[in-house]
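Novice: Give the three-dimensional model of this entry:
(one chain, ligands or ions: 1)
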Amino acid sequence: MSYAIQPLNALKPEQLPEIAKLHLEDHGLLTQLGYPFVLRYFEIVIRDPRAIGVLAIDDQTQKIIGYNIASPEPSALTSQLADDKFWFVKEILKVIFTRPAAFMQLLISSVTIKSQMKDEADALESLYLTIDEAYRGQKVGRTLQQGLFAEARKAGYKRIVGSIETWNEASLRMCQSNGFVIKKTFREGKFIRYRIEKIL
Ligand SMILES: CC(C)(COP(=O)(O)OP(=O)(O)OC[C@H]1O[C@@H](n2cnc3c(N)ncnc32)[C@H](O)[C@@H]1OP(=O)(O)O)[C@@H](O)C(=O)NCCC(=O)NCCS
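Specialist: A predicted model of the protein is given here:
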């Protein structure tokens, strides 16, 4: 299997459903809110000039097999989910009635996200990294993350921070093998997470 690492701006608008579907393999809060939120989130990410990211593209099939996206201000991305008020109210009502726990978690996580990147001017937060299940365990995640480091250095950042659920051994191992260290453990609603950091 061979693949290429490309910057996020290589992503074409017609590939948004493909990357959103891949994201559904991550079991975090965004996935729990449902596909319409995931798709809208990625639409926001590719429009945001400060978002940085990398894609892994299978050389043979041209399929997206992984991505890692990051931002210096994650709350600026999530707050844009409510820009289209009609869409947001319609979709959030569906979540409230069908998955009330996910809605409560959204409220809690929004507060945490807002405070987390205060006074972190030299840092970028790695937000999501997912590898297609069929390609896991072949160092794609580790290589992709290194691609993000290169993009972050180019943009002048000195550190990358992130959060990992404490049960997620695969993610923790990948991050540690790439030089991340655990700074603290914290609770965010139902999630218990490590806060991690890598000096670039
Ligand atoms: C976490 C994830 C991105 C790892 O991607 P991957 O391509 O399979 O990982 P790699 O093959 O690059 O492995 C990197 C390191 O992690 C270790 N690792 C990978 N999967 C592992 C697992 N299931 N259990 C334990 N260690 C694991 C590897 O042994 C390797 O360690 P080494 O460098 O010391 O040899 C992938 O499992 C995934 O997409 N998971 C679902 C989404 C997710 O949890 N994202 C992270 C959210 S913070």
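Novice: For the rest of this, base every contact and every neighbour count on C-alpha atoms.
Specialist: Fine.
Novice: how about the residues of the chain near the ligand?
Specialist: 25-26, 128-131, 136-142, 164, 169-171, 173-174, 177 (C-alpha under 6 Å from any ligand atom).
Novice: Now the buried members of those.
Specialist: Asp26, Tyr128, Leu129, Thr130, Ile131, Val140, Gly141, Arg142, Ile164, Ser171, Met174 (16 or more other C-alpha atoms under 10 Å).
Novice: Excluding sequence neighbours, find me the nearest residue to the fifth one.
Specialist: Of all residues not flanking Ile131 in the chain, Gly66 sits nearest, at 4.2 Å (C-alpha to C-alpha, 6 or more residues apart in numbering).
Novice: For that neighbour, grab the count of nearby residues.
Specialist: Using other C-alpha atoms under 10 Å, Gly66 has 24 other residues around it.
Novice: swap in the one 4 residues further on?
Specialist: Counted with other C-alpha under 10 Å, the burial measure for Ala70 works out to 23 neighbours.
Novice: which residues does it bridge with?
Specialist: Note on Ala70: beta-bridge partners by DSSP bridges are Ile52, Ser126.
Novice: quick one: pLDDT of it?
Specialist: Reading off the confidence values, Ala70 has pLDDT 98.
Novice: Please name the residues that touch it.
Specialist: Ala51, Ile52, Gly53, Leu124, Glu125, Ser126, Leu127, Tyr128 (C-alpha atoms under 8 Å, 6 or more residues apart in numbering).
Novice: All set now, cheers.
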